[in-house]
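Asker: got a structure for you, letters missing:
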């Protein structure tokens, strides 16, 4: 994802520099913020020191000063820019980033009995086994195995050293490195941490029956995700028993485990 963003910024005429090399013309962007390129160009063309804010006044980026509060001007944008506050914001950012891909890069091995469509990036040492279908935009890191007979749908990013087993389906999700997703799992609109093992048949719910936006509990309060499809958010080192079912917008904390056949209907932290 970093490579995709860097390439897009370079094509637009930007140069990425270290903090020590920053000057008056340097645009400073918080790491937890997504900014559309057009809004960034608008800030860059401004002659004075300025901070770029969304319609609510949240600072997205700035130039000309070390602190946004010291800037001479404030520019507000209605573009699709947003800070990363909640886990589902990462899904939105991932969707934006992989949409930047305009071509495929296949460095790994693809079986002649597998099917690839759309823009797909496959890392060195990775394998897509027979019967598997990958529908881009999808990014797959190095040394990862997909299938056999797995289905990967965009917008999905899968890290290095992962395993997606026979008959598993991953859709619009982020899978961090060193994670094992067993056979016949369904992962939709979810974020799965690193060193996670999902037992065979683990499934995430991602769609409300009434079609309304999902809500998720944050510090005891219900927060509207503003998304009609939200899966689960699983921390590092989690292990699920076979046939675990996880309700939509539920979070499972670092290192937790579930029993076979468990139904997780609330946060397990």
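Answerer: That came through, no problem. What you are looking at is a predicted structure, and each value in this text was computed from that prediction instead of being measured.
Asker: Who is residue 82 paired with across the strands?
Answerer: Beta-bridge pairing of residue 82 under DSSP bridges involves residue 34.
Asker: pLDDT score for it?
Answerer: Note for residue 82: predicted pLDDT of 91.
Asker: Begin at 333, not 1, for the rest of this chat.
Answerer: Got it, the first residue is 333 from now on, which makes the last one we talked about residue 414.
Asker: Give me the distance between it and residue 450.
Answerer: For residue 414, the distance to residue 450 equals 25 Å [CB to CB, to the nearest Å]. Bear in mind the C-beta positions are built from the backbone N, C-alpha and C, glycine included.
Asker: When the two are compared, which one has more neighbours?
Answerer: residue 414 (18 against 15; other CB atoms under 10 Å).
Asker: Now stretch 414-433: buried residues?
Answerer: 414-415, 419-430, 433 (16 or more other CB atoms under 10 Å).
Asker: quick check, nearest of the residues you listed to residue 522?
Answerer: residue 423 (8.1 Å; CB to CB).
Asker: show me what contacts the closest one?
Answerer: 504-506, 521, 523, 559, 562 (CB atoms under 8 Å, 6 or more residues apart in numbering).
Asker: swap the cut-off to 10 Å and go again
Answerer: The contact partners of residue 423, by CB atoms under 10 Å, 6 or more residues apart in numbering, come to 487, 504-506, 521-523, 557, 559, 561-563, 565.
Asker: Equivalent analysis for residue 564, please.
Answerer: Counted by CB under 10 Å, 6+ apart, residue 564 has contacts 419, 505, 519-524, 534-538, 570, 572, 578-584, 596, 599-600.
Asker: so where's this protein shaky on pLDDT?
Answerer: The model of the chain has pLDDT under 70 over residues 333-334, 336.
Asker: Assumed residue 372 was part of a strand.
Answerer: No - assigned with DSSP: H, G, I helix; E, B strand; the rest coil, residue 372 falls outside any strand and is helix.
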